[in-house]
Structure formats: C-alpha cells, structure tokens
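Trainee: Pasting the sequence and the predicted model now:
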Amino acid sequence: MALSLFSFAAQPSQLIKSRETKTQSSLTPLSVSANHNSSPACSGCTHQWNLHRPVVLDEVTEFFRDLGVSDFTFDTCRLWGWRCRAKLAVRGSSDKPLVGLYEEGTHNVVDIPSCQGLAKLDVQPYDEDSGTGELRYVQMAVTLHNTSLPWSERYRSVLMEKWWPKQLCPSSSLCMGQFSDLEWRHLLGERDFWEHVGGIDVALAPSSFGQANTRAFDSLLRKLHTYVPYGTSVTDLYAGAGVIGLSLAVARKCRSVKCVEINKEAKASFEKTISRLPESVDSSISWHQADTSNEPLSWLEGSDVVVVDPPRKGLDPPLLDALQTIASSERKAQLSESSSLKEKNEKRPWILRAREAAVQIESKTTWEKSSSLPQTLIYISCGWESFKELANEIPMFPDIPKDRMSEND
Ligand SMILES: C[S@@+](CC[C@H](N)C(=O)[O-])C[C@H]1O[C@@H](n2cnc3c(N)ncnc32)[C@H](O)[C@@H]1O
C-alpha cells in the first residue's frame, strides 16, 4: 500500500507532504511480510532491499522539486510488521488447499508453507477453470487497538503461527472468506471489528475498503487534519466507510461532512462508526452511495475543502474536469449562480436519487445553506504513476487564509 497526501494551494511548496509506505503489493503473504528482510523474493513485492529508500523516491523528489515544492518530505513509518490486512487467493483442493498470492502475471497461487487453516475449515477451494468450488479469497485483519495483547506479541502470534490459532485469536482479529457467489462471509474471529485511527473509533467490514497499514494511515490522517481549517464544510470523495471525513468532523469541528462512495457495502461500517462519535460533535454528516464521476459538481458545491482518495488508477475524468472548472476563479461567480439555478430546476430523478443521503445526521446548530466552492483540494494517492500523469492537470486552489487555521474562529 502506498499513501501519499498532496494538498493543493496557490503555493504548493507550502503544503505538499508525502508519505510513501509501499514496500509490497496489496497482496502479501503474511509470513513473508513479518520477516521481510530474510525472505526469498515474493511475487507481491515491488522491491526487496533498501526499503527505507525505495528507488522511486529519487524520481518523486525531482518531480516535486520541478513543481517548485521546496518542503517535500518522505516518511516510511514501519518498514515491516506493518500489515494489518491481507487478501489472499484460495485454490487447490479441499484436502490440499493453497492460500497465498498469485505468481506474478498469472493466477497460480504461491502457497504459504504450512498453512493448515483451510483444511480445518473443510471448504472446497474455487477452481477458476471449471467455475466450481466455494471459497475464492480469504481476507484477514488485525487491529492495533482495543485488545489485551500488546502489538508486538499480537503480530507475531497471529502472523507467524501456522494459521490463526483460536486461543491466540484476540478479540480484534478477523478472517472473512469470499465465496463463489462473491459474498464475504465471516470465518473466524471478531464479527464486530473496530480500529482506532485519526482520533476516532472506526468499524471496518472486509467487504468495504480498509487501509492495510494502520499506523501509516493514522499518521497521514493526523497530518491531513492540519490542512483543514476549523469549522469548514468538507466533501470526502471516494470515501469508503468515511474514515477520513469522520475523523475531520471530530478533529476540525467541521460544520458539515459529506462522504461519497460507490460501494454500498461501506454504508454499514459508516453507520457503526457514527454511533461511536463523541456526543459533542455538531456537524451535519452524510454518506451517499454514488459514483463521483456522475455530476461531480453537485458534490463539490457547498464545501470549502474537498478530499479525494481515489483507487490506484486516479481521478475519474469528469471529476478532474469539475475541479478544473471550480479552480478557475473568474468562472466561480458565474458557476455558483448557474448551479443554484440548476438546483432549483433539477428534475432528473436519477440525479436527485443519487444526491439523497443514504445516511444523514443533522447538526444541532442550524447553519445557513452555503453555496461556496472548495478552496482546498487534498489528494491522497495510492498510485504514483496515475498521480504523476494527472499532476499537471490538477488545479491549484487558492491558499488557505492563515486565520482560518485557528480554532478560535
Ligand atoms: C483507496 S479507497 C479509499 C477509501 C477511503 N477513503 C479510506 O481511506 O478508507 C478508494 C475508494 O473509492 C471507491 N470508489 C472507486 N470508484 C469510485 C467512484 N467512481 N465513485 C465513488 N467511489 C469510488 C472504492 O470503492 C474505494 O472504497
């Protein structure tokens, strides 16, 4: 997993930070990641040595230097022992199941040696050629929070043992399986799975997106908070279960937070997370199951800050167009006029339906409806190549006024 935080303002050099934690692909055998340095080459690893200084770093540093960014920083967090989530393919037969990564460029599973758990579960692994069998993937996760086992012990216990022994299965570990009907079902561990990141408790279901490197994500969120002025309205696009938006709602006392996510499975985790937010939160919070590329301007209106966290392929072109449009200041007045007009006249049922919140929590304070357009764009990238290609097209937003960063406003 790679996480990079890019915040765009008129003076990008003041704001751009980056965190690169990618040492392995998103599918990494747990036994390998736990002792990476002495392991043989693994199909999921992008590089094997000098993890503290990946080869791509020189290119990234130069890239930002050319953009005029003078304070680019790089942070690896932990180099190994960081993975808290892994999705592994299941193939083979029920008496000799194989579980692991695919060999590079193939769908042949590289089996994790001595893994006995699947044989114990007695399920038929999926066969891609014949389309028969039951279990396609397993996804395992551990939390760093809310358990009596210390982190170091828990990691070693869970990952280095031959499977996921029941007696070592702390209350905050989980194994789910994806079956031939593509549904995720619980196999082992805690059904109600919680983590603590960005200052809030978050519920995480494997069927919705979750970051694999919890520590790096937490550190990124805490840095991200410092770029969001207090009391602002935030739109969190590609929001998953809304962790970014909800942590901002608490940490930056946002007046409103709107999360937009295409995967309906993330809704349940969002609702659970909301149930644990502090009572003091006075923010209008919503979660919408929608495609951000469909009428993207309708999501951006009324917010001061937009956070985008797209998949590896990067921003969808219609969203990029919308961001470019709103960043062009001379068109802003014109746009806000026409958009409020459009809002009054909007009749298309599919647009109205998409804008309807699947989850809506009203703030205690009644705020005046804002027609503002975002002044800050925060881009979280897990795909360097796509980010690099888009970088010249990503608009620069006006600088955040310094007085907006203070809590007393
Ligand atoms: C890298 S994940 C980020 C999730 C979330 N921000 C987090 O940190 O947990 C990208 C998310 O974008 C969602 N997504 C992909 N394409 C989308 C689209 N066109 N519209 C809305 N969400 C989309 C995926 O389902 C996934 O949850």
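Mentor: Good, I have the coordinates.
Trainee: Which strand or helix spans Leu246?
Mentor: Take DSSP states H and E as the rule and Leu246 turns out to sit in helix 243-251.
Trainee: Next, count neighbours for the residue in the chain that the ligand sits nearest to.
Mentor: With C-beta to the nearest ligand atom as the measure, Gly240 is the residue of the chain nearest to the ligand, at 2.9 Å. Where you see a C-beta, it was placed from the backbone N, CA and C, and this is true even at glycine. Using other C-beta atoms under 10 Å, Gly240 has 23 neighbouring residues.
Trainee: I'd like to check which residues are in contact with it.
Mentor: 208-210, 261, 263, 266, 309 (C-beta atoms under 8 Å, 6 or more residues apart in numbering).
Trainee: let's see 6 Å
Mentor: Gly240 is in contact with 208-209, 261, 266, counting by C-beta atoms under 6 Å, 6 or more residues apart in numbering.
Trainee: which among the residues you listed are in contact with the ligand?
Mentor: Among those, the ones lying near the ligand by C-beta under 6 Å from any ligand atom are 209, 261.
Trainee: Considering the contacts of Gly240, which possesses the most neighbours?
Mentor: Neighbour max across the contacts of Gly240 (other C-beta under 10 Å) = Glu261, 27 neighbours.
Trainee: Can you spell out which residues form a bridge with it?
Mentor: Counting by DSSP bridges, Glu261 is bridged to Gln289.
Trainee: can you tell me which of the contacts of Gly240 are in helices?
Mentor: Using DSSP state H, Ala266 are the members of the contacts of Gly240 that sit in helices.
Trainee: can you put the contacts of Gly240 in a markdown table and add distance to Val123 and pLDDT?
Mentor: Shown next, in a markdown table, are the contacts of Gly240 (distance: C-beta to C-beta, whole Å; pLDDT from 0 to 100):
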| residue | distance to Val123 | pLDDT |
| --- | --- | --- |
| Ser208 | 23 | 78 |
| Phe209 | 25 | 84 |
| Glu261 | 30 | 96 |
| Ala266 | 26 | 93 |
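Trainee: what's the closest of the contacts of Gly240 to Gly314?
Mentor: Phe209 (15.8 Å; C-beta to C-beta).
Trainee: Could you find the closest non-adjacent residue to that closest one?
Mentor: Nearest residue to Phe209, sequence neighbours excluded (C-beta to C-beta, 6 or more residues apart in numbering): Gly240, at 4.1 Å.
Trainee: secondary structure element for that neighbour?
Mentor: For Gly240, there is no helix or strand it lies in under DSSP H and E.
Trainee: pLDDT score for it?
Mentor: Note for Gly240: predicted pLDDT of 95.
Trainee: Ramachandran angles for it?
Mentor: Backbone torsions of Gly240, given as degrees, to the nearest 10, read phi 60, psi -130.
Trainee: That one and Val69, how far apart?
Mentor: According to C-beta to C-beta, to the nearest Å, Gly240 stands 28 Å off from Val69.
Trainee: Walking through the stretch 201-350 of the chain, point out its helices one by one.
Mentor: Using DSSP state H, counting those that start in this stretch, the helices of the stretch 201-350 of the chain run over 214-225, 243-251, 266-275, 297-300, 317-327, 332-345, 349-355.
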